[in-house]
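> need a structure here:
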Amino acid sequence: MSRNIVDKKAVTKIQTTILAAIIIVAAVAGVVYYVTLPSGEEAEPSLTITDYAGRTVKINGTIQTIASSYPIATEAILFLGGEEKMCGADSSCIGNSFMNTLYPKLGDTTDLGYPWNTNVEQVVDLAPSVFVASGTSEETADQLTELGVPTVCLSFETPEDFNQALTIIGKLIDNEAAAESTVEYYSDMAQTIQSKTEGLAESSKPSVMFISYGAQRKYTLKTPGEGMLQNNLIEMCGGVSVSADQPGGWNEISMEQVALWDPDVVIITSYASNVSTTDLKNEIMADDTWNVTTAKIEGKIYAFAQDWGSWDSPTPKWILGTLWIGKFIQPALFDSMDLTQTATDFYQTFYDITYEQASVTGDM
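You can find the predicted model right below:
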């Protein structure tokens, strides 16, 4: 009998068993790969993602290109090594000179604006294999998906959301190994930081006001509301955010409200490239209006660290921002953690640049 003759029923049974095993393993991993049994032709891969908004997004074929008008997502895609596949990006990242130094091909991508003014027709014409939108852009995402551009909504506002977003991006750019090791780094760092404040008495937690405030009063005084990353980081580090119960997003507040809150600590950030956190701190320190706060009286007003962006944004540098907050609001608990050395290692590991090249400013 020829050795090429096999029991077809036995083969079919084996194939079915293998397929079932693949489906079970993939389901546990949170992503389904559609597998076709051999039929003489190689099937195109297909990927199904459940995104932050709970949407099920199916992407047929190999993902060749990826685009995003969401600055936080754009930076995360580049951070995980997606530069080669990036065909369209947001105006903020494209216009950032230091980001272009880190990722030279960024300047060659199509400028897609911002999440709040995404041009749907432009994205459709660009025809990326997948488009990444913010977690609050579900309507735009549905519209693009219906027009043939699979769109995934992501959020980065909590450490858990951040890790989930990195995991999904790793699948989209076919770099799951990098995503896995990076998520492990963030999880370990977050656990170390939280271990410092576990069991801390409520009476030992300072009230903290996190603000974005413009030099020469060009910008409105704003604080982060419910669900914002800044509040989560303050809580992780053993503080109480005075604005945590405000509506989501950034809320304009008055000096009367500042006086009512009377925070023990004030942390200042800036998202304007021409306005440094140190400038804002100096303005507040010279403004007698702020003398109604314990923070001003006790000199606990701090300029948040920033490089080409502020460390408080839900970009990959949020973990440095968390450690920074801990060092300033619970200095005794975080004394053993060397912030500058941690930042030095971070820049070298993830960006292949020195701490000096990052040009970190603010209180350190």
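
> Next, work out how far apart residue 174 and residue 282 are.
According to CB to CB, to the nearest Å, residue 174 stands 47 Å off from residue 282. Using the backbone N, CA and C atoms, a C-beta is placed for each residue, glycine as well.

> Same check on residue 78?
Between residue 78 and residue 282 the computed distance is 33 Å (CB to CB).

> Who has more neighbours out of the two?
residue 78 (22 against 15; other CB atoms under 10 Å).

> after the helix or strand the more buried one falls within, next one along is what?
Using DSSP states H and E, residue 78 sits in helix 71-79. Counting by DSSP H and E, the next helix or strand C-terminal to helix 71-79 is strand 86-89.

> That next one pairs with which strands, parallel or anti?
strand 66-68 (parallel), strand 110-111 (parallel) (DSSP bridges).

> Of the ones you listed, flag the one that's most buried.
Comparing the strands paired with strand 86-89 by mean neighbour count (mean count of other CB atoms under 10 Å), strand 66-68 ranks first with a mean of 29.

> Can you tell me what sits against stretch 85-98?
63-71, 74-75, 77-78, 99-100, 103, 105-107, 109-115, 123, 126, 128-129, 131, 173, 273, 307-309 (CB atoms under 8 Å, 6 or more residues apart in numbering).

> again, 7 Å this time
Contact partners of stretch 85-98, identified using CB atoms under 7 Å, 6 or more residues apart in numbering, comprise 64-71, 74-75, 77-78, 99, 105-107, 109-114, 126, 128, 173, 308.

> how far out from the middle of the chain is that stretch?
15 Å (CA atoms, centre = their mean, to the nearest Å).

> show me the contacts for residue 263.
207-209, 242, 293-295.

> Which parts of the chain belong to which domain?
Using automatic domain parsing, the domain parsing of the chain gives 1-43, 60-174, 200-358.

> Can you tell me which of these has the worst average pLDDT?
Within the domains of the chain, confidence is poorest for domain 1-43, with a mean of 39 (mean pLDDT).

> just the strands in the stretch 251-364 of the chain please.
Remark: strands assigned in the stretch 251-364 of the chain by DSSP state E, counting those that start in this stretch are 265-269, 301-303.

> helices and strands around the first one, which ones?
Under the contact criterion of 3 or more CB pairs under 7 Å, 6 or more residues apart in numbering; DSSP states H and E, the helices and strands touching strand 265-269 comprise strand 207-212, helix 277-285, strand 301-303.

> To residue 180, which of the ones you listed lies closest?
Shortest distance between residue 180 and the helices and strands packed on strand 265-269, using CB to CB, is found for strand 207-212: 31.4 Å.

> Hey, what's the angle from the closest one to strand 265-269? Just curious.
For strand 207-212 against strand 265-269, the angle by axes from the mean of the first three to the mean of the last three CA atoms, to 10 degrees is 20 degrees.

> So which elements touch strand 207-212?
The contact analysis (3+ CB pairs under 7 Å, 6+ apart) places strand 207-212 against strand 222-224, helix 229-236, strand 240-241, strand 265-269.

> what sits up against that strand?
Here strand 207-212 makes contact (CB under 7 Å, 6+ apart) with 221-224, 230, 234, 239-243, 250, 261, 263-271, 329.

> Ok, stretch 350-357 next?
Here stretch 350-357 has contacts from 79, 102, 316, 340, 343-344, 347-348, using CB under 7 Å, 6+ apart.

> Kindly report the same for stretch 289-301.
255, 258-259, 262-266, 268, 281, 284-285.

> now those residues in JSON lines, with distance to residue 188?
Formatted as JSON lines, the contacts of stretch 289-301 follow (distance: CB to CB, whole Å):
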{"residue": "255", "distance to residue 188": "41"}
{"residue": "258", "distance to residue 188": "37"}
{"residue": "259", "distance to residue 188": "41"}
{"residue": "262", "distance to residue 188": "36"}
{"residue": "263", "distance to residue 188": "31"}
{"residue": "264", "distance to residue 188": "30"}
{"residue": "265", "distance to residue 188": "27"}
{"residue": "266", "distance to residue 188": "30"}
{"residue": "268", "distance to residue 188": "29"}
{"residue": "281", "distance to residue 188": "32"}
{"residue": "284", "distance to residue 188": "36"}
{"residue": "285", "distance to residue 188": "37"}
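
> Just the buried ones from those residues?
For these, a burial check counting by 16 or more other CB atoms under 10 Å picks out 258, 263-266, 268, 281, 284.

> would you list these in TSV and tack on distance to residue 150?
Formatted as TSV, the buried ones among the contacts of stretch 289-301 follow (distance: CB to CB, whole Å):
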residue	distance to residue 150
258	45
263	45
264	47
265	44
266	44
268	40
281	45
284	46
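
> just the buried members of the contacts of strand 207-212?
Buried members of those, counted by 16+ other CB under 10 Å: 221-224, 230, 234, 239-243, 250, 261, 263-270, 329.

> hang on, the earlier thing: wait, which of the contacts of stretch 289-301 is closest to residue 334?
For the contacts of stretch 289-301, the residue nearest residue 334 by CB to CB is residue 265; the value is 13.8 Å.

> Residue 330 is in contact with that closest one, correct?
No - the pair residue 265 / residue 330 is not scored as a contact, 10.1 Å apart, by CB atoms under 7 Å.

> And the strands paired with strand 86-89: which comes nearest residue 135?
strand 66-68 (12.6 Å).

> Could you check how far that closest one is from the centre of its chain?
15 Å.
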